[in-house]
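1. Sequence first, predicted model second:
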Amino acid sequence: MQNDIKDVLYSEEQIIQKVKELGAQLSTDFEGRNPLVICVLKGAFIFMSDLVKNITVPLEIDFMAVSSYGASTKSSGVVKIIKDLDVPVEGREILIVEDIIDSGLTLSYLIDVLEHRGAKSVTVVALFDKPARRTVDLQPDYRGFTLPDEFVVGYGLDYAEQYRNLPYVGILKPHVYEK
Ligand code: 5GP
Ligand code: MG
Ligand code: MG
């Protein structure tokens with residue numbers, strides 16, 4: 001698995017440090033608001049679990065799965081809800097936890113859905129951001145790291161469902177997906 005990684009971009013220690021900073025900031029900003037924290041599966045699952053441990057205000061969690069890339073490295077542009085939330089969002093303050101924002105299509109669709117359902121507010125925290133690849137006008141409210149235009153894996157992020165268990169984030173060698 002490690003042999004398929006060209007470069008490690010962020011080590012486990014660097015990521016954990018950043019997640020702690022994000023958690024501290026969110027704890028301050030969400031004081032008294034009891035947010036519903038939504039993990040966008042599957043990629044955000046590790047970020048979500050590390051992040052909520054660093055948020056000190058009362059909160060609820062839920063999970064949502066949307067289709068994005070399948071086994072390709074480019075967005076299909078088609079977003080579909082695979083698994084919906086268990087709880088209503090009407091009147092709730094939502095914190096969406098995303099692994100990475102690329103084109104922005106997934107997130108803009110999700111925000112629309114939650115707003116249509118009557119969420120009181122929708123805030124986005126993304127661990128990684130690739131602003132150079134955006135096709136819709138959208139910025140996360142909180143971001144961990146800005147990435148170059150490279151396909152990355154690890155810390156929850158996959159290629160063809162593999163590599164999610166790497167504790168760091170790295171760039172895949174092109175030969176892996178140019179087969
Ligand atoms: P978007 O809709 O913003 O184009 O893509 C969002 C989703 O595509 C992300 O939440 C993530 O699951 C996946 N994605 C985008 N860029 C990458 C990447 O560099 N590596 C991996 N593994 N997934 C990515
Ligand atoms: Mg995602
Ligand atoms: Mg994926």
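-> On my side now, so go ahead. Residues are numbered from 1 along each chain as shown. Ligands and ions are numbered 1, 2, ... in the order given.

2. from here on, contacts and neighbour counts on C-alpha atoms
-> Will do.

3. Tell me which helix or strand residue 126 sits in.
-> The secondary structure element spanning residue 126 is strand 121-129 (assigned by DSSP states H and E).

4. and that strand, anywhere near ligand 2?
-> No: applying Cα under 5 Å from the ion, one finds strand 121-129 out of contact with ligand 2, separated by at least 8.9 Å.

5. swap in stretch 106-116?
-> No: applying Cα under 5 Å from the ion, one finds that stretch 106-116 is not in contact with ligand 2, the shortest distance being 7.6 Å.

6. buried sites along that stretch?
-> 106-107, 110-111, 114-115 (16 or more other Cα atoms under 10 Å).

7. circling back to that earlier point, gap between the strand holding residue 126 and the chain center?
-> On the basis of Cα atoms, centre = their mean, to the nearest Å, strand 121-129 sits 7 Å off its chain's mean C-alpha point.

8. Could I get the CA-only coordinates of the next helix or strand after that strand as CSV?
-> Moving toward the C-terminus from strand 121-129, the next helix or strand (DSSP H and E) is strand 142-146. In CSV, the C-alpha atoms belonging to strand 142-146 read as follows (Å, rounded to 0.1, in the frame of the first residue of the first chain):
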residue,chain,number,x,y,z
TYR,A,142,-13.5,26.4,7.9
ARG,A,143,-10.7,24.7,6.1
GLY,A,144,-7.8,22.6,7.2
PHE,A,145,-5.3,22.6,4.3
THR,A,146,-5.3,23.9,0.8
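
9. Is the helix or strand that comes right after strand 142-146 in proximity to ligand 1?
-> Beyond strand 142-146 on the C-terminal side, the first helix or strand identified by DSSP H and E is strand 152-153. Yes: looking at strand 152-153 against ligand 1 by Cα under 6 Å from any ligand atom, the contacts come from 152-153.

10. what about the protein, any weak spots by pLDDT?
-> Low-confidence segments of the chain, defined by pLDDT under 70, span residues 68-78, 179.

11. Show me where this protein has its helices.
-> Remark: helices assigned in the chain by DSSP state H are 12-29, 45-52, 105-116, 174-177.

12. Pick the most buried one from those helices.
-> Comparing these by mean neighbour count (mean count of other Cα atoms under 10 Å), helix 45-52 ranks first with a mean of 19.

13. So which elements touch that one?
-> helix 12-29, strand 93-101 (3 or more Cα pairs under 8 Å, 6 or more residues apart in numbering; DSSP states H and E).

14. List the contacts of that helix.
-> Contacts with helix 45-52, where a contact means Cα atoms under 8 Å, 6 or more residues apart in numbering, come from 16, 19-20, 22-23, 39, 97, 99, 127, 155-156.

15. Please identify which of these is nearest to residue 53.
-> Nearest to residue 53 among the contacts of helix 45-52: residue 23, at 7.9 Å, using Cα to Cα.
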